[in-house]
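*Asks:* Kindly return the folded structure for what I paste below:
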Amino acid sequence: MIPDEARIIKLFSIRNIFPIIKLKIYGFKFNPKDYEKPLFRMQLINKIYEYFPIIFSSIGIEAECEHVQLTPNYINNLCRLGIIEISESIIADHNLYEKLENHLDIQEFKRIFDEKEPEKTVIFERGMLGVTILGKQFCKSCSFDRNWNFI
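*Replies:* Just a heads-up that it's a prediction; the model follows:
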């Protein structure tokens, strides 16, 4: 584990969940607002889409990581270790997601994607990061205090 991942784990000793956005791309054009309608989503069940291994979260910024651009890698590694998990459940406070969706990096990606792939649709699927039971035990064994210091 590297220092930035330890910084992220410290956050989980204070909060249990964080919002994320996963990138999903469909090979045909439709209005992304229709994706929010359950009936429309049911029609998409058998449609082909691509998942990109991109998970966008503000957790790297909140944790004050030195290499914020590597946050998706840190998330994937901590998931692989069983310390955190990605869930398709969403947090009730939708403002948390809107902040992510309106982030300059996300908006720039969407703009470039729409220019280069006009026949496809990009969807930002909401989800959340949660700490696992193993992760809680790990945080407890690391003994972080509320000031983010090792005890």
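
*Asks:* any idea how far the nearest residue to I61 once chain neighbours are set aside is from Y26?
*Replies:* Nearest residue to I61, sequence neighbours excluded (Cβ to Cβ, 6 or more residues apart in numbering): V68, at 5.8 Å. C-beta coordinates here come from the backbone N, C-alpha and C atoms, glycine included. Separation of V68 from Y26 (Cβ to Cβ, to the nearest Å) stands at 29 Å.

*Asks:* Ok, A6 next?
*Replies:* For A6, the distance to Y26 equals 37 Å [Cβ to Cβ].

*Asks:* Bridged to the residue nearest the centre of the chain, which residues?
*Replies:* Residue closest to the average C-alpha location in the chain (Cα atoms, centre = their mean): I20, at 2.6 Å. For I20, the beta-bridge partners are G127 (DSSP bridges).

*Asks:* Hmm, it is touching L129, no?
*Replies:* Yes - between I20 and L129 there is a contact at 5.5 Å, judged by Cβ atoms under 8 Å.

*Asks:* How much space separates the residue nearest to the centre of the chain from K29?
*Replies:* Noted for I20: a distance of 25 Å to K29, by Cβ to Cβ.

*Asks:* And for C79?
*Replies:* Counting by Cβ to Cβ, the gap from C79 to K29 is 32 Å.

*Asks:* same question, A63
*Replies:* Taking Cβ to Cβ as the measure, A63 falls 37 Å from K29.

*Asks:* what do you get for H67?
*Replies:* Shown here: H67 relative to K29, a distance of 36 Å by Cβ to Cβ.

*Asks:* ditto for L129
*Replies:* Per Cβ to Cβ, L129 is found 31 Å from K29.

*Asks:* which SS class is F18?
*Replies:* Three-state assignment for F18 (DSSP: H, G, I helix; E, B strand; the rest coil): strand.

*Asks:* can you tell me the average pLDDT over the longest helix along the chain?
*Replies:* If you go by DSSP state H, the chain has its longest helix at helix 104-116. Helix 104-116 shows a mean pLDDT of 88.
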